[in-house]
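Visitor: my questions are about this predicted structure, shown below with the sequence.
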Amino acid sequence: MAYETIIVETRGKVGLITLNRPKALNALNSEVLKEVVAAVNGFGANPDIGAMVITGSEKAFAAGADIKEMQAISFVDAYVQDFFVGWEEFARTRKPIIAAVAGYALGGGCELAMMCDFIIAADNAKFGQPEITLGVMPGMGGSQRLTRFVGKSKAMDMCLTGRMMDAAEAERCGLVSRVVPAGELLEEALMAAAKIADFSLPSVMMAKEAVNRAYETTLAEGLRFERRLFHSLFALDDQKEGMAAFAEKRKPNFTNR
Ligand code: CAA
């Protein structure tokens, strides 16, 4: 597929998606949605890919949903089309995906980063949910995911005042997993993804599924779910190989079987 708003590459076992609408600070319009979903689905179906990274430019990961595209939409159109529901397909992707965020991650940009499994931020990153300043509110998951990431007080602060949070504050409150110098962002994210992609894919996918389950269920159910997934991994050659390699003091050779 030829892409117009993103660049799609592979780096070894890692799929790399770069948002590429520099003139609009990577604002997320319907074409970006279509292309990003196609790219993650393509990597999802590609047996040679074990993890993905999504990134933007040094100035902007994404400055939000495309305001100019959205401004004329009526309530009926938004409701009947279930505007933004398409992003749920992105959030459901089963292979790990890391958001490498430099510059602005605002509105839908912050929400897109939070749909990923974790966020690595450049030291110039700025996160925010400024929808309130436009007379609306978050619509791609911000009120729900941000609250789960940072707690009620800070999520309310961000959603009600529309203020931005810098990378240091984002790391302090658990929105991002690490902060790195801007010049090292992509390398750091690709290295993390390559590390993940070298592990056994089924165990990586189950670990992702289990952590995500923590957001949706009770502790007792989550613990039971985790244990059942853990048990099922003993059916894999990779479990035998991983543990044998440890005992024999060598590197494991995982086959994803
Ligand atoms: N949608 C459409 N175009 C956007 C955009 C957006 N979200 N963000 C920036 N742009 C465009 C600007 O209109 C401008 O285009 P022109 O050159 O044609 O005028 C270009 O990108 C560069 O932007 P600025 O000149 O504004 O750049 P700046 O450096 O002065 O400011 C900024 C940067 C603070 C990020 C500012 O662009 C800004 O405030 N952008 C909007 C942020 C925002 O409100 N995001 C939330 C969108 S709503 C949403 O996301 C809903 C949801 O929940 C999903």
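Guide: Here it is on my side, so go on. All figures in this text were calculated on a predicted structure; none of them were measured in a lab.
Visitor: could you pull out the strands in the stretch 101-250 of the chain for me?
Guide: 104-106, 118-122, 126-128, 164-166, 178-180 (DSSP state E, counting those that start in this stretch).
Visitor: direction included, what does the longest one pair up with?
Guide: In the sheet, strand 118-122 lines up against strand 97-101 (parallel), strand 178-180 (parallel) (DSSP bridges).
Visitor: avg pLDDT for it?
Guide: For strand 118-122, mean pLDDT rounds to 98.
Visitor: now find how far off-centre that strand is within its chain.
Guide: Once both centres are worked out by C-alpha atoms, centre = their mean, to the nearest Å, strand 118-122 turns out to sit 9 Å from its chain's centre.
Visitor: repeat for the last one
Guide: The gap between where strand 178-180 is centred and where its chain is centred comes out at 15 Å by C-alpha atoms, centre = their mean.
Visitor: relative to the ligand, how far out is Ala121?
Guide: 16 Å (C-beta to the nearest ligand atom, to the nearest Å). Quick note: C-beta positions are derived from backbone N, CA and C, even for glycine.
Visitor: repeat for Asp166
Guide: Asp166 is 14 Å from the ligand, by C-beta to the nearest ligand atom.
Visitor: who's in contact with that residue?
Guide: If a contact means C-beta atoms under 8 Å, 6 or more residues apart in numbering, then Asp166 has 125-126 as its contacts.
Visitor: beta partners of it?
Guide: Beta-bridge pairing of Asp166 under DSSP bridges involves Lys126.
Visitor: how long is stretch 172-179 end to end?
Guide: 10 Å (C-alpha to C-alpha, to the nearest Å).
Visitor: and the strands of the stretch 101-250 of the chain, which is most packed in?
Guide: Looking across the strands of the stretch 101-250 of the chain with neighbours counted as mean count of other C-beta atoms under 10 Å, the highest average goes to strand 104-106: a mean of 28.
Visitor: identify the neighbouring strands of it in the sheet and state each direction.
Guide: By DSSP bridges, strand 104-106 pairs with strand 60-62 (parallel), strand 126-128 (parallel).
Visitor: what's the closest of those to the ligand?
Guide: Proximity to the ligand (C-beta to the nearest ligand atom) singles out strand 60-62 among those, at 6.5 Å.
Visitor: is the helix or strand just after that closest one in proximity to the ligand?
Guide: Following the chain from strand 60-62 toward its C-terminal end, the next helix or strand by DSSP states H and E is helix 67-70. Yes: in this structure, helix 67-70 sits against the ligand according to C-beta under 6 Å from any ligand atom; the contacting residues are 67-68.
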